[in-house]
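K.L.:
no sequence for this one, just the structure:
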């Protein structure tokens, strides 16, 4: 019986992969990977490794979560090293804990390898800190995409009135609802908002506005995108850096 590694692949930039994750990828017999995993990372796999795509997308859930769980179990019965590779961190809206529970209940050995979460890294690449002395001393990471079949929302909107940084993952399709909800709870409509598409990659795009106009400004962006709400967004004007690096690379500077 083999061992399953539930591993975070980071936010997109291949060089943000951890050394531990890299070693497991190089040794894995089979890799089940998500849509948000940068496929360049798969080039590190050994030549005879079996690659299994199990990505999910709005309206295109290729494989239900229950089937992914079953596949992990099945492969663990056959292979020595099974890798479940996820974008970001497996325990931040990654359902990694659900998979670990499934394996635990079946006495399959497993290990969790954290990844750099997009909730922090993507903001950093956009020049937006999650906290900043004198501006924001806390931050909150919120799913922007609750399960459609959920009868009651588990998001505590009323508690978001404080001036902390709000980070919504997977929320682009619901951005209008999110902004409307923030207005309803009393957030100032002039509160800065940024939407970051494909953060940490060469395809990164950043749109900055406010609660009242970000829906219109970000209408051309595509998933994966992260929404940031809070005064820390203003710091981007002074400490945005990634676009400069790309510019210098393009011109060989």
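P.N.:
Arrived safely, thanks for sending. Keep in mind that what you see is a predicted model, and the values were worked out from it rather than measured.
K.L.:
for residue 98, what are its contacts?
P.N.:
For residue 98, the contact set (C-beta atoms under 8 Å, 6 or more residues apart in numbering) comprises 65, 69. Heads up, the C-betas are built off the backbone N, CA and C, glycines and all.
K.L.:
which regions of the stretch 151-253 of the chain lie under the pLDDT threshold?
P.N.:
Scanning the stretch 151-253 of the chain for pLDDT under 70 picks out the ranges 151, 252-253.
K.L.:
Roughly how far does residue 223 sit from residue 137?
P.N.:
30 Å (C-beta to C-beta, to the nearest Å).
K.L.:
So for these two, which residue has more residues nearby?
P.N.:
Applying other C-beta atoms under 10 Å to residue 223 and residue 137 shows that residue 223 carries more neighbours, namely 16 against 12.
K.L.:
Correct me if wrong: the more buried one contacts residue 170.
P.N.:
Yes - applying C-beta atoms under 8 Å, one finds residue 223 in contact with residue 170, separated by 7.3 Å.
K.L.:
and for the two, which residues touch both?
P.N.:
In contact with both residue 223 and residue 170: no residue, using C-beta under 8 Å, 6+ apart.
K.L.:
so how far is the first residue of stretch 186-195 from its last?
P.N.:
21 Å (C-alpha to C-alpha, to the nearest Å).
K.L.:
can you list contacts of it?
P.N.:
With C-beta under 8 Å, 6+ apart as the test, stretch 186-195 has contacts from 126, 128, 160-161, 172, 175, 179, 182-183, 206-212, 214, 217-218, 221, 225-234, 236.
K.L.:
cool, and stretch 65-73?
P.N.:
For stretch 65-73, contacts defined as C-beta under 8 Å, 6+ apart pick out 4, 32, 52, 54, 63, 82, 84, 95, 98-99, 102-103, 106, 108.
K.L.:
Return the member of those nearest to residue 141.
P.N.:
Closest to residue 141 out of those is residue 95 (15.2 Å), distances taken as C-beta to C-beta.
K.L.:
What about that closest one, how many residues nearby?
P.N.:
17.
K.L.:
Excluding chain neighbours, what is closest to residue 36?
P.N.:
Leaving aside its sequence neighbours, residue 36 sits nearest to residue 87 (C-beta to C-beta, 6 or more residues apart in numbering; 2.8 Å).
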